[in-house]
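Visitor: model this:
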Amino acid sequence: MRFNLFVRCSFFVLGLTLLSVSGRGTNKPVLSIQYRDSVEVLGPSIKLGDIALIRGEANVVEMLKQKNVGPAAKFGLIRHLDTRSIYRRYLVPLLSSYRITGELKKVIRIKTLSKILTKDSLASLVYQKMEKLTKESDKDYKFEFSRLPDFVRIPKVAHILKINIPSSFRAKGNQNLSLQILINNKIVRRVSLGVNISVYDSVWVAVDRIGRGEVVHKNNIKREYREVTDLHSLPLNLSQLMGLEARQTIVADRIMVGKLLIQKPIVLLGQSVTIRSLKKGIEIEFKGVARQNGKLGQVIQVKNLMSHKLIRARIIDENTLEWISTRG
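Guide: Okay, the predicted model is just below:
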């Protein structure tokens, strides 16, 4: 009898407690969270307001909408988000103040929106960059792509497209570049590109075979427009070519570059020469004897026949030198 009475009393107390708790719960304001099955976002992050319909007190609703619940997938891709982490992080702290309703445990499919950068648009970006790099040159350039995707996905949010040029870049031959996609000055994607650069210029070529030791003159060379991409030595202009000797046999149509030619000495050892010296606006001339062979523009030793001292002088032409200094 006493036991039954104790049990009845216990159930009565428990009932009052549950009623009290229930009464307190019903007095709490309702906060409703209704998750969507799938959504599309701009990225690069996902906010709670992107994936759920939230109803309740305006200030709490606005606060929850702005909560960052995770990173979005890369643009054009999909990720799945388990809302249990959202419940633990953002909703559990509110249980003491709000009665939260809705389907709180769900996996949401989230796609990051993107748009297409076409092959032609990407090619145009690269061409603009290449033209900017080569505009100071007097040569002509032709660009062909060795690696270019049919399209590239780019974000719908504000972004920057940048053609990156590596430090090893040379404006000739096959070169590797990359397209960098930046959001808030942070690189979010790189796309590898390849461009083949051909170089063209007006150059001097041999009209016919030029034998070893033969002197270059206007009758055995001609000017033509040629591709010079694969040249490893710079072509010479007309003033540089005149008077040079062939270092080796030069076949017809060969581009005249420096490694094929040598400069013939125009002043020879023991040759009598005129030396000019300009001091305080007065030009003085005196005779001398070359003590070594020399080419145009070269500084050589000369014996001054007036003082019988050795001096250093620069060759101006085959008979005239400019005094530089006394040998010391």
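Visitor: is Val61 part of a helix or strand, or is it coil?
Guide: At Val61 the chain is in helix, as set by DSSP: H, G, I helix; E, B strand; the rest coil.
Visitor: so how far is Val30 from it?
Guide: In this view, Val61 and Val30 are 11 Å apart by Cβ to Cβ, to the nearest Å. (Each C-beta comes from the backbone N, C-alpha and C, glycine too.)
Visitor: list residues touching both of these two?
Guide: Arg55 (Cβ atoms under 8 Å, 6 or more residues apart in numbering).
Visitor: of those two, which one has the most company?
Guide: Val61 (16 against 13; other Cβ atoms under 10 Å).
Visitor: for the more buried one, give me its contacts.
Guide: Counting by Cβ under 8 Å, 6+ apart, Val61 has contacts 31, 54-55.
Visitor: closest to Leu278 out of those residues?
Guide: Ile54 (91.6 Å; Cβ to Cβ).
Visitor: then the host helix or strand of that closest one to PDB, C-alphas only?
Guide: Per DSSP states H and E: Ile54 is located in strand 52-55. C-alpha atoms of strand 52-55 as PDB (Å, rounded to 0.1, in the frame of the first residue of the first chain):
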ATOM      1  CA  ALA A  52      18.100  27.800 -45.200                       C
ATOM      2  CA  LEU A  53      14.800  29.700 -44.800                       C
ATOM      3  CA  ILE A  54      15.000  31.200 -41.300                       C
ATOM      4  CA  ARG A  55      11.900  32.600 -39.400                       C
END
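Visitor: return a PyMOL selection command for the buried portion of the contacts of Val61.
Guide: Selection of the buried residues among the contacts of Val61 in PyMOL, burial being defined by 16 or more other Cβ atoms under 10 Å:
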select buried, resi 31+54
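Visitor: distance to Pro149 and pLDDT added to the contacts of Val61, as TSV?
Guide: Below are the contacts of Val61 laid out as TSV (distance: Cβ to Cβ, whole Å; pLDDT from 0 to 100):
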residue	distance to Pro149	pLDDT
Leu31	47	95
Ile54	41	95
Arg55	45	95
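Visitor: model confidence for Ile33, exactly?
Guide: Ile33 is assigned a pLDDT of 94 by the prediction.
Visitor: can you tell me how far the closest residue to Ile221 other than its chain neighbours sits from Asn220?
Guide: Sequence neighbours aside, Trp204 is the residue nearest to Ile221 in space, at 4.8 Å (criterion: Cβ to Cβ, 6 or more residues apart in numbering). Noted for Trp204: a distance of 10 Å to Asn220, by Cβ to Cβ.
Visitor: and Gln271, by the same measure?
Guide: From Gln271 to Asn220 the distance is 27 Å (Cβ to Cβ).
Visitor: local confidence estimate at Val60?
Guide: Listed pLDDT for Val60 reads 95.
Visitor: what's the burial count for it?
Guide: 15.
Visitor: surely it meets Ser32?
Guide: No. Counting by Cβ atoms under 8 Å, Val60 does not reach Ser32; the two are 11.1 Å apart.
Visitor: what's in contact with the strand holding Ile54?
Guide: 30-36, 48, 61, 64-65.
Visitor: parallel or antiparallel, list what pairs with it.
Guide: strand 30-35 (antiparallel) (DSSP bridges).
Visitor: then the helix or strand following the strand it pairs with to CSV, C-alphas only?
Guide: Next helix or strand after strand 30-35 toward the C-terminus (DSSP H and E): strand 38-41. Once non-C-alpha atoms are left out, strand 38-41 reads as follows in CSV (Å, rounded to 0.1, in the frame of the first residue of the first chain):
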residue,chain,number,x,y,z
SER,A,38,20.0,22.0,-53.1
VAL,A,39,21.2,25.5,-53.7
GLU,A,40,23.5,27.5,-56.0
VAL,A,41,26.0,30.0,-54.5
